[in-house]
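Student: quick one, fold the following:
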Amino acid sequence: MAAFQHTVRSPALFAGIGVHTGAYTRVSVRPAAVDSGIVFVRTDVTDRDNAVPVSGEAVCKTQLGTVIGNAAGVTVSTIEHLMAAFAMLGVDNAVVEVDGPEMPIMDGSSAPFVRVLDRAGLRPQEAPRRYIEILETVEVVEAGKRATLKPACGFEVAFTIEFASAAIGRQSIDLAMDEQVFRDELADCRTFGFLSDVEALRAMGLARGGSLENCVVLEGDVILNPEGLRRPDEFVRHKALDA
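Tutor: Residues are numbered from 1 along each chain as shown. Below you'll find the model as predicted:
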């Protein structure tokens, strides 16, 4: 990646429904100054601070999606697919204006966000890019799941998932990541879910916008999407995209 920070050259506009709320939202990704990072702005909120800067500390919920919030209680949900595109295309600074509580799910992958960012273009800025270097292993283990950050010379993702469904089974992927690898190997891999979970999720206020248009849906061992999978191991690749 380039040594200097980048922002978008011109506004990137898109719209769609949120996978959990089912609400239609419009988004404008706009250029931002150096060292400002990624800041989501809820344009539908006018009675309090509506800016939500992205940081690890801003994450307030991770149930089936990443939700960030600010001190005023304003939140933006399902930011992970756009954030993946920002991270791997090298967008350091941007203002993301959204007129609702949830980012559009688009087709369930990062590919639509990559396309709109490509159309907007990127502009280098006169400030060096800063990196976080992992100096020692950090690990979290919870309910049989494990996430680990380890020191490395570059950015690499290694994922393994295991599901009882024969359509998924056990899948692993290990990729040395850069922009081209992201574009070629991960960006188009979609989110997935089980039909048996939909009623319970909707009772919790989730998955109200989910459909075969934006999600790989499984019923037991059967994939319901008529077009099938984009890749045999699309499931584990999407988990790597989320990260």
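Student: contacts and neighbour counts: CA atoms only from here.
Tutor: Will do.
Student: now the element after the lowest-mean-pLDDT helix or strand in the chain, going C-ward?
Tutor: Lowest on mean pLDDT, DSSP states H and E among the helices and strands of the chain sits helix 195-203, with a mean of 80. Next along the chain after helix 195-203, taking DSSP states H and E as the criterion, comes strand 216-219.
Student: how far away is the spatially closest residue to residue 195 that is not a sequence neighbour from residue 85?
Tutor: Excluding the flanking residues, the one nearest residue 195 by C-alpha to C-alpha, 6 or more residues apart in numbering is residue 219, at 5.4 Å. Going from residue 219 to residue 85 by C-alpha to C-alpha, to the nearest Å gives 30 Å.
Student: still on that earlier bit, tell me which strands and helices the least confident helix or strand of the chain is in contact with?
Tutor: Packing partners of helix 195-203 (3 or more C-alpha pairs under 8 Å, 6 or more residues apart in numbering; DSSP states H and E): strand 216-219.
Student: look up how far residue 72 lies from the residue in the chain sticking out farthest from the centre.
Tutor: Most distant from the centre of the chain: residue 47, at 27.9 Å, with distances by C-alpha atoms, centre = their mean. Computed with C-alpha to C-alpha, the distance linking residue 47 and residue 72 is 10 Å.
Student: and for residue 61?
Tutor: 16 Å.
Student: before we move on, what about residue 116?
Tutor: Counting by C-alpha to C-alpha, the gap from residue 116 to residue 72 is 30 Å.
Student: look at these two and report which has more neighbours.
Tutor: Shown here are residue 116 and residue 72; by other C-alpha atoms under 10 Å, residue 116 has more neighbours (15 against 12).
Student: which ones are touching residue 152?
Tutor: Contacts for residue 152 (C-alpha atoms under 8 Å, 6 or more residues apart in numbering) come out as residue 134.
Student: does it count as helix, strand or coil?
Tutor: Under the three-state scheme (DSSP: H, G, I helix; E, B strand; the rest coil), residue 152 adopts coil.
Student: pLDDT score assigned to it?
Tutor: On pLDDT, residue 152 comes in at 94.
Student: do the one 4 residues further on as well
Tutor: Listed pLDDT for residue 156 reads 96.
Student: nearest residue to it other than its sequence neighbours?
Tutor: Closest residue to residue 156 apart from its sequence neighbours, by C-alpha to C-alpha, 6+ apart: residue 176 at 4.3 Å.
Student: report how many residues lie close to the one you found.
Tutor: Other residues within reach of residue 176, judged by other C-alpha under 10 Å, total 11.
Student: could you measure from it over to residue 149?
Tutor: Counting by C-alpha to C-alpha, the gap from residue 176 to residue 149 is 14 Å.
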